[in-house]
Structures are given as structure tokens and as C-alpha cells.
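In: missing the sequence, but the structure's below:
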Ligand SMILES: [Zn+2]
């Protein structure tokens, strides 16, 4: 822009009328330039620019421009403006959380709460300490009983007899049985677990106790425990409703109440999600290994908000694996995940952290959207440059598709050598001489990433677009707009691991929910997390 707001504020009709002709001419050139640029900006959509579809104006979202090539500072500024700090649902969640705490005390259940981290946000929303709580009143018919006896004296290892045992505590766990085609529907069970203690001849009293442990060293406030109202299958259902079906905690509560007749507080739902995510954290090692062993990786990232901090949701799509991390936008995560172990091809956008990788591919869809934008420009040289770029890329796309069908007579790099060097000269000229900023930017991007962009001509089996990674982000971009991001470090961490497990199981055509329930069951009992299911048909 030639004229700042400060300039415009000072320009009045009266002043223009009084300006000498020569001054007015020069000023009108500046005004024309600014008007064209402003009109072009108005026309930008995901179709002709690098804006993600989610930035298209469904309604007027002030300051929601989070164009990928923005500087992080700019994106942060945009991201943080015009977004509510807390969604009504999260306020509700915090309210119910404190209800849940009182409920646990009222019951004498002593269920360790795992949402301390969330509740300890400085100004607690909702019910304040001291306000009356609500006890858990729902009574569910018991469908099965399990008795847990100590088998040997803890002190002298002497074998203990069941008939001498006395029950000292009990709790109920509601769970669901998996439906199948012969037995469809959701079937709930309510198992009463009774725990016993036995006096030994040595004078020692040994108690059998439900297992309980800190879930992971990264989440010291989240506990795994067998003493839970929500069984592993029901926990997996809550994860499904929250992440796969994108229901808020309050909607999940509504669903469980309306369809399953279960009255479960939002606090318990939240705690269950945290416990489930923390239970799955050890699976990350296996996911990283699968990413590193992929011959081809699609990587992409989109902004994510954790309370008031701007972060990035990264996705790594490899061979039968999809992994998400929420982190800063620096190259740290990339080098942490890939290290020196990754030897495959890396498909990405034009962001500079990726330039470090030699076997790099560029998404042509991004470049074509930008060229499409130039073609619609009001600047003549920009229109020509846009058309030339589109013509070349479209010709090469046809050639690449044909080469995939059957090997061409000679390598595509040789066939199109002439066309490529002509186009390179155009880019060099645009980069050096044009005053049209978007044209210069595209020309420079082409030149900077030349190798990565045209690599595919030497290897036509490699992909032309980063669609796979963009698709893998889409679902979560919608979730982001529903929940406005996460609120705590734990919340962020459990979201990333759960959605990684969910999507990896899905690309392997396996049920994420059966696997996740098993992870929760094993880890609550103190065992390691089972390995991820293999691709269906290759087990
Ligand atoms: Zn003993």
C-alpha cells in the first residue's frame, strides 16, 4: 500500500480540490495502485490464493486471516483477535468439574480426580468454592460381580484363603460390550467390584487393592486407576463422541443421558478423556518409528490456540500412519521427529523450515492457486505470468500422469528441458523487474524451491500435491473452530495423542475404539500399552 491510514485520514475532498494539477496526478497514481491492491485482496479466496478453505468468509470473522505464508507474529495477531477466550461449553465444563469434585467427596468414592490441572486455572469459571455440590444419585442395576482377594500375605508370602477374607471396599464400573452384526446396539454392563482383606497368621492384614499409578511422566497430575465409574469401552465411546464426532463435553453428556440413560457429569467426561489420552501416551514411540520408516511423508501445519498461546497443529502422514503434534512453528519439532533416521521423501508447503531436507517435494496445488490468483489480477504482466505458470504446470501434470501409466520414451526432465529453462528465465525476469508484489513472490518461490518443485519429473510416481496432509488436518480444523483450541498443556498433549491413535487406526482400517479400550484396560491394570493394530489383512 502506498498510503497509510494516517495519510488517508488527512486527505479530504476540499484538499483534493485545491491541489495543483501535477501533485494531484501523482497522488491519483498512488490511489489507483492502492485501489487495485485492495480490490485484489477482496477477491482472495482459497481457490485463487494460499488461504485455507476455513478462512473463507462464512460470515464476517474480523481478523481471521491466517494465511500460511504470514509471519508467525502476524498470524498470532490475527489469530488472537476476535476469538472468544472461552467457549460457553468450556465454561460449563469448568462448572461441572467442581461439581464432580464435590460429588466424589459426597460418595466417599475417593476417586482421584485427574483434571486438577484444568481446574487450577487461576480464575475458576462456574461454581465457586464453598457453594453446595451435588451427589451422584443415579443407581444402576448391577449386571455382574467381581471379587478381588489377596492371594498371599504381603509380609510373609504365606498363601491366604478366600474364606478368611473380609470385604473392605467396593465400587461399580459401567462399561459397554462391543456390538457386532449379529448383536447390534449399545449394551451396557455394570460390574460391582468388591475388594477383600485377609489377616495372616503372622498378624499382618493384607488388602487386595485396585491398581493406581501416574499415567506418564509428562502428565504427573493424571492418574490411571482401575477404580473408575467409567469402564474402558465407555471411555473409548466418550473419546469417539468428543474427537471423531466433535461433540463438546456438554453435548457428550447430553448424548449419554438421552440415549444411554447415563447421568455422567462433564467433569467425569473430561477426566475420562484425560486419562484415556495419558494412557495412550506411550504409543507415541511406535508412531514416531512408523513416521521415520515411511518412504514418503506428507507434512503440513495449521495454527492452534492453547489458552492464549499461539501454537501449530502439525500432521505427519506416512505409510499407514498419521501423527499429530501441537507445538511451536520452528524447525525444532521437525528435527525432533525426523532426526537423522528419516531417509524418505518429504512433501510440504513452501515454508522455509522444510528447505533443510534434500529429498523434498512441493505441493503444486499451492503454486497453482497462486498462479490462478495472478491470472485474475488487474496487472497485465501478472496476468501473463499467471497464465504461463498454469500452462507449464498443467502440461507437466499431464506428462506425469502419462508417465505413471507407462514409462515415457525419454525422461521427462529431458523432454521438458527447453520449456523449463524458458520458464526459469521468465521467473528470473519477474523476480528482478516486476513491481507487482504477488508476481515477484511467486517468481522467487519458484526459483528458491526449483529442485523440490520439479523433482517429480525425475520420479513421476511421487505425488504432485500435499492433499493427504491437508485432508488429515481438515477434520481438526473444524474441531478447532468448535472448541477454540485447548486450555492446558495436558489438554493439548492428550488431544494430539488421541487423534494420532484414532487416525492411524483408521488408515489401517482397524477400529480405533476397540484398540483404545484395550490400551486403557491394560494400562489401568499396570501393564504396558498394547502395540497398534497392523493394517487390516496384513495381521
Ligand atoms: Zn503373613
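Out: That came in fine, so what should we check first? This structure is a prediction, so every number in the text was calculated from the model and none was measured.

In: Near the residue in the stretch 201-350 of the chain that the ion sits nearest to, how many other residues are there?
Out: Taking CB to the ion as the measure, the stretch 201-350 of the chain has residue 202 as its residue closest to the ion, at 3.2 Å. No exception for glycine: its C-beta is placed from N, CA and C like everyone else's. Look at residue 202: counted by other CB atoms under 10 Å, it has 11 neighbours.

In: Touching, it and residue 160? I think so.
Out: No - using CB atoms under 8 Å, residue 202 is not in contact with residue 160; the gap is 10.8 Å.

In: Spell out which residues are contacts of both of these two.
Out: residue 153 (CB atoms under 8 Å, 6 or more residues apart in numbering).

In: Now residue 43. Nearest residue, chain neighbours left out?
Out: When the adjacent residues along the chain are set aside, residue 43 lies closest to residue 376, with 6.7 Å between them (CB to CB, 6 or more residues apart in numbering).

In: Could you check the pLDDT of that neighbour?
Out: On pLDDT, residue 376 comes in at 89.

In: I'd like the distance from it to the ion, if you could.
Out: As judged by CB to the ion, to the nearest Å, residue 376 and the ion stand 85 Å apart.

In: Can you report phi and psi for that residue?
Out: Main-chain torsions, residue 376, degrees, to the nearest 10: phi -90, psi 0.

In: just residue 360 next, same as before
Out: Main-chain dihedrals, residue 360, degrees, to the nearest 10: phi -110, psi 150.

In: since we're on it, how many residues are nearby?
Out: Neighbour tally, residue 360, other CB under 10 Å: 18.

In: Next one: it, what pLDDT does it get?
Out: 91.

In: how about it, what does it touch?
Out: So, once contact is read as CB under 8 Å, 6+ apart, residue 360 ends up touching 345-348, 354, 451-452, 455.

In: where along the stretch 251-400 of the chain do the strands fall?
Out: For the stretch 251-400 of the chain, the strands defined by DSSP state E, counting those that start in this stretch cover 296-306, 309-318, 321-327, 345-348, 360-362.

In: next one: the chain
Out: Assigned by DSSP state E, the chain shows strands spanning 144-148, 166-177, 187-199, 205-207, 212-216, 219-225, 296-306, 309-318, 321-327, 345-348, 360-362.

In: want to throw those into CSV with distance to the ion?
Out: Below are those laid out as CSV (distance: least, CB to the ion, whole Å):
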stretch, distance to the ion
strand 144-148, 19
strand 166-177, 16
strand 187-199, 9
strand 205-207, 7
strand 212-216, 24
strand 219-225, 27
strand 296-306, 51
strand 309-318, 54
strand 321-327, 49
strand 345-348, 61
strand 360-362, 66
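
In: With residue 488 as the reference, name the closest of the ones you listed.
Out: strand 296-306 (7.4 Å; CB to CB).

In: now for the closest one, which elements pack on it?
Out: With contacts defined as 3 or more CB pairs under 8 Å, 6 or more residues apart in numbering; DSSP states H and E, the packing partners of strand 296-306 are helix 72-80, strand 309-318, strand 345-348, helix 467-483, helix 489-507.

In: and with 6 Å instead?
Out: strand 309-318, strand 345-348, helix 467-483 (3 or more CB pairs under 6 Å, 6 or more residues apart in numbering; DSSP states H and E).

In: Quick check: residue 202 vs residue 154, distance?
Out: 10 Å (CB to CB, to the nearest Å).

In: Same check on residue 345?
Out: In terms of CB to CB, residue 345 sits 57 Å off from residue 154.

In: okay, those two: which has more neighbours?
Out: Taking neighbours as other CB under 10 Å, residue 345 and residue 154 compare with residue 345 leading, 21 against 15.

In: Report how many residues lie close to the residue nearest to residue 43.
Out: 14.

In: what does the one 5 residues further on give?
Out: Neighbour count of residue 381, defined by other CB under 10 Å: 16.

In: again, but for residue 407
Out: 10.

In: so who does residue 492 touch?
Out: Residue 492 sits next to 306, 326, 486 when contact means CB atoms under 6 Å, 6 or more residues apart in numbering.

In: One more: residue 427?
Out: By CB under 6 Å, 6+ apart, residue 427 lies in contact with 443, 446-447.

In: Tell me the buried residues within these.
Out: 443, 446 (16 or more other CB atoms under 10 Å).

In: Among the contacts of residue 427, which are located in helices?
Out: Mapping the contacts of residue 427 onto helices (DSSP state H) picks out 443, 446-447.

In: Could you check how many residues crowd around residue 281?
Out: When neighbours are counted by other CB under 10 Å, residue 281 comes out with 22.

In: what about it, distance to residue 291?
Out: 16 Å.

In: Over to residue 326?
Out: Here residue 326 is placed at a distance of 16 Å from residue 291 (CB to CB).

In: How about residue 29?
Out: Distance, residue 29 to residue 291, by CB to CB: 53 Å.

In: quick one: which of the two has more around it?
Out: Set residue 29 next to residue 291 and count neighbours by other CB under 10 Å: residue 291 wins out with 24 against 11.

In: Surely that one is in contact with residue 319?
Out: No - using CB atoms under 6 Å, residue 291 makes no contact with residue 319, being 9.1 Å away.

In: The closest residue to residue 389 other than its chain neighbours and the ion, how far apart?
Out: Nearest residue to residue 389, sequence neighbours excluded (CB to CB, 6+ apart): residue 371, at 3.8 Å. Distance, residue 371 to the ion, by CB to the ion: 81 Å.

In: ok, how many other residues are close to residue 435?
Out: 10.

In: from here on, count from 42
Out: From this message on, residue numbering opens at 42, which makes the last subject residue 476.

In: Turn the helices and strands packed on strand 337-347 into a markdown table, columns for mean pLDDT.
Out: A markdown table is the format used below for those (pLDDT from 0 to 100):
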| stretch | mean pLDDT |
| --- | --- |
| strand 350-359 | 94 |
| strand 386-389 | 93 |
| helix 508-524 | 92 |
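
In: residue in the stretch 442-580 of the chain nearest to the ion?
Out: Closest contact between the stretch 442-580 of the chain and the ion, by CB to the ion, is at residue 567 (23.1 Å).

In: can you tell me which residues contact that residue?
Out: Applying CB under 6 Å, 6+ apart, the residues near residue 567 are residue 252.

In: Which residue comes closest to residue 429 once chain neighbours are left out?
Out: residue 467 (6.0 Å).

In: report the longest helix in this protein, please.
Out: For the chain, the helix with the greatest residue count under DSSP H is helix 421-446.

In: Report the buried residues of that helix.
Out: For helix 421-446, using 16+ other CB under 10 Å, the buried residues are 422-427, 429-431, 433-434, 437, 440-441, 444.

In: what does the average pLDDT come to for that helix?
Out: 94.

In: list the helices and strands that helix packs on?
Out: helix 405-416, helix 458-474.

In: report the angle between the axes of the first one and helix 421-446?
Out: Looking back up the chat, that one is helix 405-416. 150 degrees (axes from the mean of the first three to the mean of the last three CA atoms, to 10 degrees).

In: residues making contact with helix 405-416?
Out: 89-91, 390, 423-424, 426-428, 430-431, 434, 480, 483, 505-506.

In: Could you figure out how far that helix is turned away from helix 458-474?
Out: Going by the same axes, to 10 degrees, helix 405-416 makes 60 degrees with helix 458-474.

In: check contacts around residue 234.
Out: 187, 212.

In: chain center to stretch 452-461: distance?
Out: Relative to its chain's centre, stretch 452-461 lies at 40 Å (CA atoms, centre = their mean, to the nearest Å).

In: same question but for stretch 285-299, I mixed them up
Out: On the basis of CA atoms, centre = their mean, stretch 285-299 sits 19 Å off its chain's mean C-alpha point.

In: which of the residues in that stretch are buried?
Out: For stretch 285-299, using 16+ other CB under 10 Å, the buried residues are 285, 287-294, 296-297.

In: mind showing which ranges of the stretch 42-191 of the chain have poor pLDDT?
Out: 85-178 (pLDDT under 70).

In: Pick out the residue in it sitting closest to the ion.
Out: residue 191 (10.4 Å).

In: Now for that residue: which residues touch it?
Out: Listed by CB under 6 Å, 6+ apart, the contact set of residue 191 reads 201, 239, 247, 249.
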